[in-house]
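# Got a predicted structure plus its sequence, pasted below:
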Amino acid sequence: MVERAIREAAAAICVRNGGTGEPEVLVVERSPESRFLPGYVAFPGGAVEPGDDARAERWFGSADDGHRAAALRELIEEVGLAVTSGGVVTSQEMAPIDEFPPVPDAIPEVCHWVAPPEVPVRFDAHYFAVSVDPGIEPVADGREVVSAWWTSPRALLSGWTAGAHKLYWPTWFTVSELAACASRDEVLALRFETREPSTDEQWSMPRHVMEHES
């Protein structure tokens, strides 16, 4: 088995209360030109960059929070949302976070995914929850992601079952955990252990769930 290099990554699970009280999460459709998961529905996120440790030092007081800083940077770059101490605002710049950085505890880590050695593009990814007030809408950058929208986890799974979109295993599993939450507060409090698919799941699920297409 070839041991492939692994990249540090982060993703943001933005959550709000929907009109019926059911939690809604923000998802994106990745560009068909993307090297990783082209055309898949995912959470905003990507690889940790060299400058993220410095941003973490500036925002949170510790370079050890580089993954959390990467998640916030990706939110700005992909969907134009900045997480500040006063809440999430629409912005294409880092300035709102620089001026009013949030406390780390307001962006809790929900789960941690480490891709197995056989995966072609390996990521060690931390997923963080972000609380968003109603009325805040994303704007897809049109490059990394072609669309972005709010949806309940249950509706997202229903769409996947109907073949409307593709979900990679970590996304599918995470959405399944989110679907058990009855409110935004439950999502923010959610913590779960990740796992690889069972043999039965590997056989029964569509191929795209187990192996990303690129």
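Sure, I can see it. Residues are numbered from 1 along each chain as shown.

# Provide a list of residues in contact with Gly80.
By C-beta atoms under 8 Å, 6 or more residues apart in numbering, the residues touching Gly80 are Thr90, Ser91, Gln92, Pro138, Val139, Asp141. Where C-beta positions appear, they are placed from N, C-alpha and C, glycine not excepted.

# Which of those sits closest to Glu186?
Pro138 (22.1 Å; C-beta to C-beta).

# ok, and what's touching stretch 149-160?
16, 18, 22-27, 41, 138, 165-167, 172, 175-176, 178-179, 181.

# Whichever of the contacts of Gly80 end up buried, select them in PyMOL.
Buried residues among these (16 or more other C-beta atoms under 10 Å), as a PyMOL selection:
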select buried, resi 91+138+141
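
# Mark which of the contacts of Gly80 are part of strands, please.
Thr90 (DSSP state E).

# Would you format the contacts of Gly80 as a markdown table with distance to Asp185 and pLDDT included?
As requested, these are exported to a markdown table (distance: C-beta to C-beta, whole Å; pLDDT from 0 to 100):
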| residue | distance to Asp185 | pLDDT |
| --- | --- | --- |
| Thr90 | 24 | 97 |
| Ser91 | 25 | 97 |
| Gln92 | 29 | 94 |
| Pro138 | 22 | 97 |
| Val139 | 27 | 97 |
| Asp141 | 30 | 95 |
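
# can you confirm Ala129 is in a helix?
No - when DSSP: H, G, I helix; E, B strand; the rest coil is applied, Ala129 is found to be strand, with no helix at that position.

# sorry, back to before: closest one to Glu118 out of the contacts of Gly80, please.
Of these, the one sitting nearest to Glu118 (C-beta to C-beta) turns out to be Asp141, at 31.2 Å.

# Would you confirm that the closest one contacts Glu77?
Yes - assessed by C-beta atoms under 8 Å, Asp141 is found in contact with Glu77 at 6.4 Å.

# Which strands and helices lie in contact with the longest strand along the chain?
When the chain is parsed with DSSP E, its longest strand is strand 6-17. Counting contacts by 3 or more C-beta pairs under 8 Å, 6 or more residues apart in numbering; DSSP states H and E, strand 6-17 is packed against strand 23-30, strand 45-47, helix 66-79, strand 122-131, helix 169-178, helix 184-189.
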